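*Asks:* What shape does this take:
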Amino acid sequence: MKTICFLIIAAVFPVLVKSQSADLVMKLELNKVYRVKNITNQNTTQTVMGSEQSSQTTSTSILALKPLKQLENEMIAEIRFDTIHTVISQPPMDINSANPGDINSSDPGKVMECILHRMANSTFLVKMTNTGRVVEFINLDPVIAGILQGVDSLKGPTGDFLKDRAKMLVEEKALKSMVEMTTVYLPGSNVKVGENWEINTQVYGGGMGMIQNATYKLISVDENTGIISAEVLTESAPGTMEMNGMLITPDIRGIGKVELTIDSKTGWIQKGEFKQQLKGDVLVNAQGNNLTIPTEINTTGQFIALP
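*Replies:* Here you go, the predicted structure:
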């Protein structure tokens, strides 16, 4: 009987030990398409000259990644943004990449839809690390040229504004952020349940940058799934952007939380939720006049793996 019990314990024990740690690195199947939907809800409140103004933005995007070649610690992959849909309350605007838009339209929304439609129908060839970081966009120049075709013909103050917005949307650091917001969460090493790892990223969008320092923790893992959580400290990156003749310098910071479920075999995200609160000031210089705008941004969202 003792021998039988020992054999049972010996057989089960390796499984128990194995379930207490995992190699957290992407091990994706070549030529298989991995898709994740990201839904973000953002509420922004600003006080301008004593008047409080609020706006809501809901964004939905779908990232599709297809590994083509595995290198030692990197991979070559095709990436597409299958869907980019943004709804803004103030000023009211609904921009959907499913619509073809019109680059020559007098409606700014139609112009931006044309840009997003082209993005959604473009394929980016990317070299990435096995922890999801973008090393380089291999075919960036010809793809951007196609997306921005006709943009330089836009005229007038509105045309100049749209040119700037379109070019900010497809600059390399903005595209990198669009990818890494979904793919960067793995340490690239073996981690035991309860252990932490640090991930630092810079997020760009709309011409502004944010620095994020995240502390991740492995909560649990088995042969199919892993649960990880993170606390994220975010602050605006140093720098000033120009928009409509104004110099804008954000000075905001805050904290966020992330919870993710991943496939423990591949490292790919299965589902997740996040929330973040940022507070601070946006400094505006318009023709020599300085204005300080108190700002609060509350964001919630989720990730959902798609077939």
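*Asks:* just the helices in the stretch 1-150 of the chain please.
*Replies:* 2-18, 108-120, 140-147 (DSSP state H, counting those that start in this stretch).
*Asks:* Find the residue at the geometric middle of the protein.
*Replies:* Nearest to the mean C-alpha position of the chain, counting by CA atoms, centre = their mean, stands Met181 at 2.5 Å.
*Asks:* In contact with Leu162, which residues are there?
*Replies:* Applying CB atoms under 8 Å, 6 or more residues apart in numbering to Leu162 gives the contacts 108, 111-112, 151, 154. Where you see a C-beta, it was placed from the backbone N, CA and C, and this is true even at glycine.
*Asks:* Go again with 7 Å.
*Replies:* Leu162 makes contacts with 108, 111, 154, as judged by CB atoms under 7 Å, 6 or more residues apart in numbering.
*Asks:* can you check Thr44 too?
*Replies:* 54-55, 295, 297.
*Asks:* Just give me the closest of those residues to Val221.
*Replies:* Ile297 (33.2 Å; CB to CB).
*Asks:* Spatially nearest residue to the closest one (excluding sequence neighbours)?
*Replies:* Distances taken as CB to CB, 6 or more residues apart in numbering place Leu278 nearest to Ile297, at 4.4 Å, with adjacent residues excluded.
*Asks:* pLDDT value on the one you found, please?
*Replies:* At Leu278, the pLDDT value in this model is 97.
*Asks:* Can you verify my assumption that it contacts Val232?
*Replies:* No: using CB atoms under 7 Å, Leu278 makes no contact with Val232, being 10.8 Å away.
*Asks:* wait, isn't Thr299 in contact with Gln42?
*Replies:* Yes: between Thr299 and Gln42 there is a contact at 4.7 Å, judged by CB under 7 Å.
*Asks:* for the contacts of Thr44, which one is nearest Phe274?
*Replies:* Closest to Phe274, out of all of these and judged by CB to CB, is Ile297, at 13.4 Å.
*Asks:* Can you tell me the SS state at the closest one?
*Replies:* Using DSSP: H, G, I helix; E, B strand; the rest coil, the secondary structure recorded for Ile297 is strand.
*Asks:* what about it, neighbour count?
*Replies:* 19 (other CB atoms under 10 Å).
*Asks:* in terms of contact, does it touch Gln42 like I think?
*Replies:* Yes: counting by CB under 7 Å, Ile297 touches Gln42, with 6.4 Å between them.
*Asks:* any residues touching stretch 57-77, and which ones?
*Replies:* So stretch 57-77 is contacted by 28, 30-42, 78-88, 126-130, 135, 179, 182, 306 (CB under 7 Å, 6+ apart).
*Asks:* For the stretch 151-300 of the chain, just list every one of the strands.
*Replies:* Using DSSP state E, counting those that start in this stretch, the strands of the stretch 151-300 of the chain run over 189-192, 196-205, 208-221, 225-236, 241-243, 246-263, 269-286, 289-306.
*Asks:* lowest-confidence stretch among those strands?
*Replies:* strand 241-243 (a mean of 83).
*Asks:* these two touch, right, Leu125 and Ile138?
*Replies:* Yes: Leu125 is in contact with Ile138 according to CB under 7 Å; the separation is 4.2 Å.
*Asks:* Where does pLDDT dip in the stretch 1-150 of the chain?
*Replies:* Along the stretch 1-150 of the chain, the model assigns pLDDT under 70 to residues 1-19.
*Asks:* Leu186 and Phe274, how far apart?
*Replies:* Counting by CB to CB, to the nearest Å, the gap from Leu186 to Phe274 is 16 Å.
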